[in-house]
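A.B. asks: Build the 3D model from these lines:
(chains A and B)
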Amino acid sequence: MKRILSAEEIQSGDRHRVGGKGYALSLLVKRGFRIPRTVCITTDMYREYVRRTGLRERILLELHRKDFKEMRWEEIWDCATRIRNMFLIKPLPEDLAREMCDGIGTLLGERTVAVRSSAPGEDDAQSSFAGLHESFVNVTGAESILKHIRMVWSSLWSDAALLYRQEIGLDVEESSMAVVVQETVVGDRSGVVFTRNPNDEDQGVVESVYGLNQGLVDGTVEPDRWIMDRFSNKIVVHTPPERKYWMIPGPEGVRLAELPGEKSAHPPLTTQEVNFVFKSGCNAEELFKMPQDVEWTYDRDTLVLFQSRPITTLRSHKPKDERVWYLSLHRSFENLKKLRRKIEEELIPGMVSVAESLIGTDLVKLSDQALAVEIRERRETNQKWVDIYWADFIPYAHGVRLFGQVYNDAVEPDDPYEFLDLLTNTGMASIERNNMLMELAATIRIDEHLAAKLKQGDHTNLDARFLSRIDEFMEKFGDLSCAVTGGKNCVLGTGPLYRLLLEMADHPSRNGVRKKKNRISRLHQNYLDSFDDDQKERAEEMLELARSSYQLRDDDNIYLGRIEAQVLAAVQEARRRLEDRAGDQASEVLVQVLAEADFGSENQKASSGGKPSGVRYQARQLIGQPAGPGISKGRARVIHNHSDLADFRYGEVLVCDAVDPNITFVVPLASAVVERRGGMLIHGAIIAREYGLPCITGIPDATTLIQTGDEITVDGYLGIVTIGDTGI
Amino acid sequence: MKKSEQFRIRLKELLNSQSLAALSTHRAGQPYASLVAFYAADDLKHIYFVTPKTTRKYANLAADSRVALMVNSSTNNTSDFHQAISVTGVGKATEVVGSESEAILVQYLAKHPHLEDFARSPTCALIGVAVEVYYMVKNFQNVMELHLEP
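C.D. replies: All right, here's what the predicted structure looks like:
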């Protein structure tokens, strides 16, 4: 049985082997629509490849590492990234590669092609979801085509597909992927037709851009939009955009360019062409007997259809389906560049200036009434910045992921997280804060008199220069004991800070690791060498953007923390007044504002469940995600509340639910980090890598199965925490 | 064909067809059993497996290198009683290090390609068991022994 078929050769019995897209194209060509020359790689090839290379079992191991229900989106992304890398670095067995090249070459010759996913079962409206799997355009040369076929195969396990696994019936044992390889048709106008408008079923939509339609699909280029009357085929309304850019073929792939002036003045399609494109879409709807989403281009004056599929969207009918938001975090490079400008030029200076202006207000001088107003206003200001954080900072932080994919595609490293080495040591604010702490500790270390006074709890008459540095620290980073994100109970005074400094002073200082410069230069060079000359500049820009995104992943919380710290400062002032006047003249207005703000106590979490008599049930080995290489052993310090941080001792293993940037100041004391929250790019993992500490993330129940005082061994290579004696 | 040769052929078939072995170790008089993914050398004199160095089995091996490994073809059906073959190999375990280890790892990973990341972790040890005797049980209670010369 042939495993590589032209669109013309595909029969109805091949439907399950060629996938939805391949089968639809075969029907279109038989009905007389013009499509590019098309070859379909059947699912048999996928199955043989994963079986013979051992990838089938590796994928199963990866997908069974942890219960899906317990995985956060970031962990699912990590999972998809590791699987993608397995496909990238595992070539096809020679005979399969030859069969593939012969089959494609016979039908398409040496042409530049598009390589598109065609998942079986995706040809009905129930299971068709746009954007779950990958497609690539403008691919040239046998080797590159084979690589892109493997990349399309890997997208069977993309994060989007894994998130929607139930809806699309993704089965870890049975699922497979066909691939459509099409000759590239470089049209000068392209677009999509939705034969039915999701918002009005009597209407349809035509969208069109100049150049290739990748810019339209990923949202980088805004299209002209025509709303069509389905019955009369007439234009109801035309919405022109500000036509500034178009996507044109790059050396490999596509690139964004400014649209020439003469084109920007006119819509890409004439009225007759709009009508013809829409009519063609409706003909496809008639063929497939359901509303269609058709991708097309104009090759001079001939309309060419790339694909036709049932209309679906990733929109869920379920309220609060967070998956749509997760997937919106996939941004294009162009989109991230815009976001970066906004963040660096507008938002961060805005945050800094807000925090500074709040610090400038002398709370002590305010009347009770004015203090209550101040607390409310500060809370509103803080909330505004929290909203901005979610809307802009979080999506921007995901720029690291875009770079990771670009790096892995280009370099094909054995370790899918090798790219992180190019991003560390970027001067993060939390490292700057820790360095300030360590400098203060160094002062205590060499000043016996100062150390003795602090140990005795005598904070009077401390050296003025030392106190001024403490003030400088507090002003810049807030009172550590306030634990500015999440902590609600501030311990007044500098006691906790001095305790931390004394602990640091008693032990050798640990600075952020300086990765070997040679290695970084080699990785950097190797990365650039993986691109053709005319792509190197863009590759460098991507790295630069990723560095800024990586740094911001941590810094944004520090900036936000400064504003939150000012909310707490006002709250502390209110509390102080209420305590001073206990009972007699308690100000109603302050009592009320504190109650509104819900500044109650942090809930103490139970450290362990009830103990049934007669049995002892305990964990010995827990598996998570290896997020920082190395192995280390130490006593566990489990952080249930921020106040637990005050007891942190040198050499202990930090075990917590989620490391936030306001916990990271104890990391220089820690010997390893274990976190319940999962992911390779979360704060715990980032900061652990900065200090070269073993780190494991994504261990469900880490904070209940591990107790403070347990001796634990953290294997950051394998992601295994062992509780009790290990003989290491 | 000699009986011993038949034994060898059958033994090889079993070891090649199975992925997992039950490993017995002990420490301070307390036996301990664990499952390991193994590879048997062509001459049957060595069986190799990989373990993290933080495990009980690794600590036990460090305390006493004597081990037993059991491999069998049972399928959890009643027919196992007359059809399944079980082989136990006893011998001494040592950690394979240095230049020798890479060649063995390559063969090990040819059998278990999905364990590549695990086996190549610097916190894992490649263990080789020099088998002294194989005990083969079949037909319910028929037991034959193959003694290997070092």
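A.B. asks: how about the helices of chain B, start to end?
C.D. replies: B:3-17, B:56-63, B:80-83, B:99-111, B:116-119 (DSSP state H).
A.B. asks: Compare the mean pLDDT across those helices and name the weakest.
C.D. replies: If you rank the helices of chain B by mean pLDDT, helix B:80-83 sits at the bottom with a mean of 88.
A.B. asks: quick revisit: packed most tightly, which of the helices of chain B would that be?
C.D. replies: helix B:56-63 (a mean of 20; mean count of other CB atoms under 10 Å in any protein chain shown). (Glycine included, C-beta is placed from N, CA and C.)
A.B. asks: Those residues of chain A touching chain B, which are they?
C.D. replies: Contact residues, chain A versus chain B (CB under 8 Å from any CB of the partner chain): A:53-55, A:57-58, A:60-61, A:620-621, A:631, A:713, A:715, A:717-718, A:720, A:722, A:725-728.
A.B. asks: Just the ones of those residues in helices?
C.D. replies: Going by DSSP H, the helices hold A:55, A:57, A:58, A:60, A:61 from the residues of chain A next to chain B.
A.B. asks: nearest residue to the second one other than its sequence neighbours?
C.D. replies: The shortest distance from residue A:57 to any non-neighbouring residue, by CB to CB, 6 or more residues apart in numbering or on different chains, is to residue B:114 (3.9 Å).
A.B. asks: how close does that neighbour get to residue A:64?
C.D. replies: 11 Å (CB to CB, to the nearest Å).
A.B. asks: Now for residue 30, how many residues are close by?
C.D. replies: Answering for chain A, as no chain was given. 12 (other CB atoms under 10 Å in any protein chain shown).
A.B. asks: I was thinking of chain B, sorry if that wasn't clear
C.D. replies: Neighbour tally, residue B:30, other CB under 10 Å: 8.
A.B. asks: next one: the one 3 residues further on
C.D. replies: Look at residue B:33: counted by other CB under 10 Å, it has 12 neighbours.
A.B. asks: Relative to chain A, how far out is it?
C.D. replies: According to CB to the nearest CB, to the nearest Å, residue B:33 and chain A sit 15 Å apart.
A.B. asks: and that residue, what does it touch?
C.D. replies: B:22, B:23, B:24, B:25 (CB atoms under 8 Å, 6 or more residues apart in numbering or on different chains).
A.B. asks: 6 Å instead, please
C.D. replies: B:22, B:24 (CB atoms under 6 Å, 6 or more residues apart in numbering or on different chains).
A.B. asks: what stretches of the stretch 251-400 of chain A score poorly on pLDDT?
C.D. replies: Judged by pLDDT under 70, the stretch 251-400 of chain A has its weakly predicted residues at A:251-253, A:312-321.
A.B. asks: Indicate the residue of it located nearest to chain B.
C.D. replies: residue A:400 (22.0 Å; CB to the nearest CB).
A.B. asks: Convert the helix or strand containing that residue to PDB, retaining C-alpha atoms only.
C.D. replies: Assigned by DSSP states H and E, residue A:400 belongs to helix A:399-411. Written as PDB, here are the backbone C-alpha positions of helix A:399-411 (Å, rounded to 0.1, in the frame of the first residue of the first chain):
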ATOM      1  CA  GLY A 399       8.600  35.800  24.800                       C
ATOM      2  CA  VAL A 400      11.200  33.400  26.400                       C
ATOM      3  CA  ARG A 401       9.100  30.600  25.000                       C
ATOM      4  CA  LEU A 402       9.100  31.900  21.500                       C
ATOM      5  CA  PHE A 403      12.900  32.200  21.600                       C
ATOM      6  CA  GLY A 404      13.200  28.700  23.000                       C
ATOM      7  CA  GLN A 405      11.300  27.400  20.000                       C
ATOM      8  CA  VAL A 406      13.400  29.400  17.600                       C
ATOM      9  CA  TYR A 407      16.600  28.200  19.300                       C
ATOM     10  CA  ASN A 408      15.600  24.600  19.300                       C
ATOM     11  CA  ASP A 409      14.400  24.600  15.700                       C
ATOM     12  CA  ALA A 410      17.700  26.200  14.600                       C
ATOM     13  CA  VAL A 411      20.200  24.500  16.800                       C
END
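A.B. asks: what number of residues lie near the residue of the stretch 251-400 of chain A closest to chain B?
C.D. replies: 23.
A.B. asks: Quick one: residues contacting it.
C.D. replies: A:546, A:549, A:550, A:681 are the contacts of residue A:400 under CB under 6 Å, 6+ apart.
A.B. asks: which one in those residues is the model shakiest on?
C.D. replies: residue A:681 (85).
A.B. asks: how much space between residue A:172 and residue A:133?
C.D. replies: 16 Å.
A.B. asks: Now name the helix or strand holding residue A:504.
C.D. replies: Going by DSSP H and E, residue A:504 is part of helix A:495-505.
A.B. asks: List every C-alpha atom in the next helix or strand after that helix, with coordinates, as CSV.
C.D. replies: Going down the chain from helix A:495-505, the next helix or strand is helix A:517-529, by DSSP H and E. Only the C-alpha atoms of helix A:517-529 are listed here, as CSV (Å, rounded to 0.1, in the frame of the first residue of the first chain):
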residue,chain,number,x,y,z
LYS,A,517,32.0,32.8,29.4
ASN,A,518,33.5,30.4,26.9
ARG,A,519,30.4,28.2,27.0
ILE,A,520,28.0,31.2,26.6
SER,A,521,30.0,32.6,23.7
ARG,A,522,30.1,29.1,22.1
LEU,A,523,26.4,28.7,22.4
HIS,A,524,25.8,32.2,21.1
GLN,A,525,28.0,31.6,18.1
ASN,A,526,26.5,28.2,17.4
TYR,A,527,23.0,29.8,17.6
LEU,A,528,24.0,32.5,15.1
ASP,A,529,25.8,30.0,12.8
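A.B. asks: quick one: buried residues of helix A:517-529?
C.D. replies: A:523, A:527, A:528 (16 or more other CB atoms under 10 Å in any protein chain shown).
A.B. asks: between the residues you listed, which is nearest residue A:702?
C.D. replies: Within the buried residues of helix A:517-529, proximity to residue A:702 (CB to CB) peaks at residue A:523, which comes in at 31.7 Å.
A.B. asks: For the closest one, give me its contacts.
C.D. replies: Residue A:523 touches A:421, A:422, counting by CB under 6 Å, 6+ apart.
A.B. asks: again, but for residue A:22
C.D. replies: Contacts of residue A:22 (CB under 6 Å, 6+ apart): A:40, A:118, A:178, A:180.
A.B. asks: how about stretch A:292-311: buried residues?
C.D. replies: Under 16+ other CB under 10 Å, the buried positions of stretch A:292-311 are A:292-299, A:303-311.
A.B. asks: With stretch A:451-459 instead?
C.D. replies: A:451, A:453, A:454.
A.B. asks: Nearest residue to the second one in space, please, no chain neighbours.
C.D. replies: When you say that, I think you mean residue A:453. residue A:462 (6.6 Å).
A.B. asks: now that neighbour, what's its secondary structure?
C.D. replies: With DSSP: H, G, I helix; E, B strand; the rest coil as the basis, residue A:462 sits in coil.
A.B. asks: Show residues contacting stretch A:100-109.
C.D. replies: Contacts of stretch A:100-109 (CB under 6 Å, 6+ apart): A:4, A:6, A:37, A:39, A:142, A:181, A:183.
A.B. asks: Just those: which are in strands?
C.D. replies: Judged by DSSP state E, the contacts of stretch A:100-109 include A:4, A:6, A:39, A:181, A:183 as members of strands.
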